[in-house]
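1. I'll drop the sequence and a predicted model, then ask my questions.
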Amino acid sequence: MIDDPKPLAEAPSLEVRQAQEARLLKAWSQPRGWRYWSEVNNSIVGIWYTALVLLFLLFGGALALLMRIQLAVPGNTFLSPGMYSQVFTLHGSVMMFLFAIPIFEAVSILFLPQMMGARELPFPRLSAFGFWAFLIGGVFLCGSIFFNVAPTGGWFMYPPLTSRYQPGIGADMWLLGFSFIEVSAIAAAVELIVGVLKCRPPGMRIHLIPLYAWYVLVAGVMVLFAFPPLIAGSMLLELERAFNWPFFDAARGGDPLLWQHLFWLFGHPEVYIIFLPSVALVAMIVPTFARTPIVGYKWIVLSAIGTGFLSFGLWVHHMFTTGLPGITLALFSAASQAVAIPTGVQLFCFIATVYVGRLRPSIPMLFIAGGLATFVIGGLTGVMVAVASFNFQAHDTHFVVAHLHSVLIGGTIFPVIAAAYYYFPLVNGKLLSERLGRVAFWLLFCGFNITFLPMHFTGLRGMPRRVYTYPAGIGLEELNLVSSIGAAVRAAGFGVLMWDVFRPKGKKWDSPRNPWEAGSLEWLQDMPGKPWGVRSIPEIDSRYPLWDQPNFVQHVDEGRFYMPDAEEGKREMLVTSIIDAKPEQCLRIPGPSFITLIAAVFLGGVFIFPTFKMYWPMAASGVIALGCILYWLWHGSALIPEKETKAIGHGVTLPLYVSGPSSVGWWAMMITMLADLTAFVSLVFGYFFYWTLHKDFPPASIAGPGVVWPVAGLLASLGAWGLTILARRWNSREQPAAFYAGMGAAVLLAAFGSYALLAGPRQAGMNPEAHVYPAIVWLLAIWSVLHLAAGIVMQLYCIARRFAGRMSGRYDIDISNVTLYWHFVAITVVAAVAIMAGFPLLR
Amino acid sequence: MTHETQHEAAEERQSLWLLVLSPSIWAAHFLVSYIVAAVWCGSTENRADSVNSLRIWIVVFGLLSLVGIGFIGKIGWRKYKLEGGSPPFDADGGERRFDQDTAEDRHRFLGAATVLLSSLSAVAVVYVCLSLLFVQNCL
């Protein structure tokens, strides 16, 4: 565009450039020695994250091999039935929760900033915290099998099997461990969504962003709405297991089907949360090797958003055999067919891109072609099982196993391996071997098909899933033996791949800069990369700047664009507007710290101790974790800068401190609370689910919480909310006395509100173990009170910040975000009280 | 671009919400259809009966949703056309990519994406309504 600033006509002198680079290097330098583990920079945390996820992939793969050995011949005794149950449960869980979802987050943390010419993601310590939480949770879960205590309920943990018939700690480990990991997944989603919306380079308008960023945005938003139902469901199941609250016990008014609804409300979108980011990698790789821009950019955006929405209308197709009304099955069957449209559109875009371009064959393209072919097989069998009548036949057989592996291996593992070959040079400046890549591909591709093609037939012949063996003489021996041989071939393929990745590579394997001659921004990186990410933040005019903008790499390297320097020695990045990426703020981000690791360890205690029924250590761990998080926020966020504004070059001067809806923190709070609200809605869904199924819900024989106490709690909570809003106003008008008085009164009102909300069910003598109605009422009350309690902590935090001179009328990020939090608390309490106190009145 | 179209394409007047409105209407239609069917069929006396009265309401609601989606699609179409802007076709008649760093291209892109998403949402609503034409009762 004509008005856009052009790169400086002249490069700064060599001395200036060297001085700039020295300052940048100092600001972004990585800690050495044991302090290396305190690093929070995305390029380091991203590598740890990706490496760990790949380790979990190998672990999950090893478990799969054990299963295939067991099933190779009929009546095998290689694994005992109990151990087989542990192995298949852990295989599914590890592959889903510790590989397929986190690989998206890991790769995005590693590469998303570079794809957008950014130095970092907006909350580096949050990424590091998420990584440590993931590490602790993952090791805890995987370790369980070595002590013979791993969960055995299948990766979807259906009650009543998991609530009444599995008394060991396996199911508790699953419920609590994965809840902890889901918290870290939501943290990553917050980081990535804000990254895409607010951290693009100037000029990268919404229609110019890399397709990867579109997919990350969609998948991130899906995480916010898909994970909370599972967290809510896990909470219900754990409450049933630990405290005998009968949410899924039919004898006391509960219903095991509620679990299936909540699980699949998460589980089906999750398939697309896995699939979309992998397709996103394909969308980055295909144009490079076709040597042409992607065909149908807007069609792919349509696919990403359309799939994101439709995938939430499919969950019941996992429950076709549970006896739901035919009309319900028809609705979900229709949506399941509809999702094939956007899924297909993007594949046609890739084919068209290859068709109009001049394809250069390569290992990444080989994996992509193999992956898409495999995915199409899985997609078509998916359309088959989306037809309810066929589904009744195939349900719970190996046909479904074959279908889902085609989807996930074709749709995820192959594209991820393609990306590994493609992006490997960005990680350590080396290339992988083409020859070994070809060997690995054919071993993996043939191995995959030899394993899973016969499995369709074993399934159609009636072999059930999750059974440790099968009898001879019913036509299953040969097919199973072939599958097991295929698994061995595939394992050999992974062996070759691992050798290629980890073998020592001499100078011969050094990669040139931009070895594939790609057009997208991540290939700006020098080989090997510098810790600052990008030397100067470019002005973008095209979807493929390296192809279209003349002398682009040179201009970036010479610091002719924005922010070529770190004058104050601080880590800084650019925040821009959502639609047109206009510069809005020069954001200072925190550097290395161990606080994220310490906070993750103690938060981990909150989830791990209750597995062993150690509730006091859990409480202590929670208090310490809270202290860590407060310390982290106090010293690392909303810091008052030494000056108001900073010049970033090209005559642009930006504020260093921004609060409200233009700031990244406000968006992070907003997004987090949307996820929180979704979890609450899942609980409300539970309440009404019981109502639709049971005529006597709420049962006439059980007294409800009444009206007086809940309404008193509501009024007090709304008072606290109103006073928080007023306190924000008094703060911005610099009326400290009014601020302290208002905030203090808000704290007292919130405390009284908490007391009153709990007093309702307590005074009525509601016993949560007796029936599901008191249990869910108690839960709604406790949920509200926990939110009020967190709100009180935040209000006290604001008082302390103002008192310590870290917050003022001008510098008001803290209270601005806390007020936003309180809006959500108000919504939650209003809804909870309307349901607890109001709904029984309608009966 | 004329002054009016410049004003229309200004960033302050844009939002990503338009993109997700049509799919949201689909989601609302789907959710309401599901809930109404679940509540209706949840009572045992309804289960064996015909669901004709229910089907009529779901289809009427489907038509209303289609009108809403059509309305959003029309807004998108208007953005895509952008009166006074440069024509959406190249000199040789091919469709332009809208990949320049201009407010106009961004405006048209958002319009085109809105139209596409509205079309997909409309098809998905029709699918859901169609399924109800073939199902006679709750069983």
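-> Right, received. Where do you want to start?
2. who are the contact partners of A:Pro601?
-> No, residue A:601 isn't Pro; it's Val. A:132, A:136 (C-beta atoms under 8 Å, 6 or more residues apart in numbering or on different chains). Bear in mind the C-beta positions are built from the backbone N, C-alpha and C, glycine included.
3. tell me which element A:Gln585 is part of?
-> strand A:583-588 (DSSP states H and E).
4. that strand - what's its average pLDDT?
-> In this model, strand A:583-588 carries a mean pLDDT of 94.
5. who's in contact with that strand?
-> Residues outside strand A:583-588 that contact it (C-beta under 8 Å, 6+ apart): A:122, A:198, A:202, A:562-563, A:570-577, A:639, A:641, A:646, A:648, A:652, A:654-658, A:662-664.
6. which ones among the residues you listed lie within strands?
-> A:572-576, A:646, A:648, A:652, A:654-655 (DSSP state E).
7. so, low pLDDT: which residues of chain B?
-> Within chain B, the segments meeting pLDDT under 70 span B:1-5, B:7-8, B:12, B:43-51, B:84, B:87-88, B:90-95, B:139.
8. in it, which spans are helices?
-> Using DSSP state H, the helices of chain B run over residues B:3-8, B:17-42, B:44-47, B:52-81, B:103-134.
9. got the contact list for A:Gly533?
-> A:28, A:42-43, A:113-114, A:118-120.
10. show me what contacts A:Ala22?
-> Taking C-beta under 8 Å, 6+ apart as the contact definition, A:Ala22 lies against nothing.
11. so which of the contacts of A:Gly533 are in helices?
-> A:28, A:42-43, A:113-114.
12. what's the closest non-adjacent residue to A:Gly82?
-> A:Thr152 (6.9 Å; C-beta to C-beta, 6 or more residues apart in numbering or on different chains).
13. shouldn't the one you found be in contact with A:Val87?
-> No - applying C-beta atoms under 8 Å, one finds A:Thr152 not in contact with A:Val87, separated by 9.3 Å.
14. higher neighbour count, these two?
-> Between A:Thr152 and A:Val87, A:Thr152 has the larger neighbour count (other C-beta atoms under 10 Å in any protein chain shown), namely 25 against 22.
15. ok, that one to chain B distance?
-> Counting by C-beta to the nearest C-beta, to the nearest Å, the separation of A:Thr152 from chain B is 32 Å.
16. and for A:Gly168?
-> 35 Å.
17. now swap in A:Ile136 and tell me
-> 36 Å.
18. A:Leu677 now?
-> 16 Å.
19. tell me the contacts of A:Trp259?
-> By C-beta under 8 Å, 6+ apart, the neighbours of A:Trp259 are A:157-159, A:233, A:236-237, A:248.
20. just want the residue of the stretch 401-550 of chain A that's nearest chain B.
-> Nearest to chain B, among the residues of the stretch 401-550 of chain A, is A:Asp541, at 4.2 Å (C-beta to the nearest C-beta).
21. out of the ones in strands among the contacts of strand A:583-588, which is nearest to A:His787?
-> Nearest to A:His787 among the ones in strands among the contacts of strand A:583-588, counting by C-beta to C-beta, is A:Val575 at 29.0 Å.
22. which residue packs closest to that closest one, ignoring adjacent ones?
-> Of all residues not flanking A:Val575 in the chain, A:Gln585 sits nearest, at 4.1 Å (C-beta to C-beta, 6+ apart).
23. list the neighbours of stretch A:556-566 that are in contact with it.
-> Contacts of stretch A:556-566 (C-beta under 8 Å, 6+ apart): A:7-8, A:11-12, A:17, A:20, A:23-24, A:26-28, A:201-202, A:524, A:526, A:532, A:534-539, A:555, A:572-574, A:583, A:586, A:648-650, A:652.
24. 6 Å instead, please
-> Defining contact as C-beta atoms under 6 Å, 6 or more residues apart in numbering or on different chains, one finds that stretch A:556-566 is touched by A:7-8, A:11-12, A:17, A:20, A:23-24, A:27, A:524, A:535-539, A:648-649.
25. just how off-centre is that stretch within its chain?
-> Relative to the chain's own centre, stretch A:556-566 is displaced by 33 Å; criterion: C-alpha atoms, centre = their mean, to the nearest Å.
26. got the CA coordinates for that stretch in CSV?
-> Taking C-alpha atoms only, stretch A:556-566 is exported to CSV below (Å, rounded to 0.1, in the frame of the first residue of the first chain):
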residue,chain,number,x,y,z
VAL,A,556,15.2,-7.4,7.9
ASP,A,557,18.8,-8.4,8.6
GLU,A,558,20.1,-4.9,8.3
GLY,A,559,17.5,-3.6,10.8
ARG,A,560,15.8,-1.4,8.3
PHE,A,561,12.3,-2.2,9.7
TYR,A,562,10.8,-1.7,13.2
MET,A,563,12.4,-2.3,16.6
PRO,A,564,15.9,-3.1,15.4
ASP,A,565,17.4,-2.4,18.8
ALA,A,566,16.9,-3.1,22.5
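27. buried residues in it?
-> A:556-566 (16 or more other C-beta atoms under 10 Å in any protein chain shown).
28. contact residues of chain A facing chain B?
-> A:1, A:203, A:205, A:207, A:298, A:301-302, A:305-306, A:309, A:313, A:325-328, A:330-331, A:334, A:338, A:541, A:543, A:579-580, A:692 (C-beta under 6 Å from any C-beta of the partner chain).
29. quick one: contacts for the spatially most central residue of chain A?
-> The geometric centre of chain A, computed from its C-alpha atoms, lies nearest to A:Ala185 (C-alpha atoms, centre = their mean), at 3.5 Å. A:Ala185 makes contact with A:101, A:223 under the criterion C-beta under 6 Å, 6+ apart.
30. now do the helix or strand harbouring it: distance to the chain's middle.
-> Using DSSP H and E, A:Ala185 maps to helix A:170-198. In terms of C-alpha atoms, centre = their mean, the centre of helix A:170-198 is set 5 Å apart from its chain centre.
31. buried residues in it, which are they?
-> For helix A:170-198, the neighbour count (16+ other C-beta under 10 Å) marks A:170-198 as buried.
32. quick one: the helix or strand that it is followed by to helix B:17-42, angle?
-> On the C-terminal side of helix A:170-198, the closest following helix or strand by DSSP H and E is helix A:211-243. Helix A:211-243 and helix B:17-42 meet at an angle of 40 degrees, taking axes from the mean of the first three to the mean of the last three C-alpha atoms, to 10 degrees as the criterion.
33. and helix A:211-243, what does it pack against?
-> helix A:170-198, helix A:256-290, helix A:297-310, helix A:664-693 (3 or more C-beta pairs under 6 Å, 6 or more residues apart in numbering or on different chains; DSSP states H and E).
34. give me the contact list for the third one.
-> By C-beta under 6 Å, 6+ apart, the list of residues contacting helix A:297-310 from outside reads A:211, A:214-215, A:218, A:222, A:272, A:338-339, A:342-343, A:345-346, A:349, B:23, B:112-113, B:116-117, B:120.
35. what does chain B put close to chain A?
-> B:11, B:14, B:23, B:30, B:33-34, B:37-39, B:41-42, B:99, B:101-102, B:106, B:109, B:112-113, B:116-117, B:120, B:124, B:127-128, B:131, B:135, B:138-139.
36. are any of the residues you listed buried, and which?
-> Burial by neighbour count, 16+ other C-beta under 10 Å: within these this picks out B:11, B:14, B:23, B:30, B:33-34, B:37-38, B:41-42, B:99, B:101-102, B:106, B:109, B:112-113, B:116-117, B:120, B:124, B:127-128, B:131, B:135, B:138.
37. so what's the residue count around the residue nearest to A:Ala746 when sequence neighbours are not counted?
-> Excluding the flanking residues, the one nearest A:Ala746 by C-beta to C-beta, 6+ apart is A:Leu723, at 3.8 Å. Residues near A:Leu723, counting by other C-beta under 10 Å, number 23.
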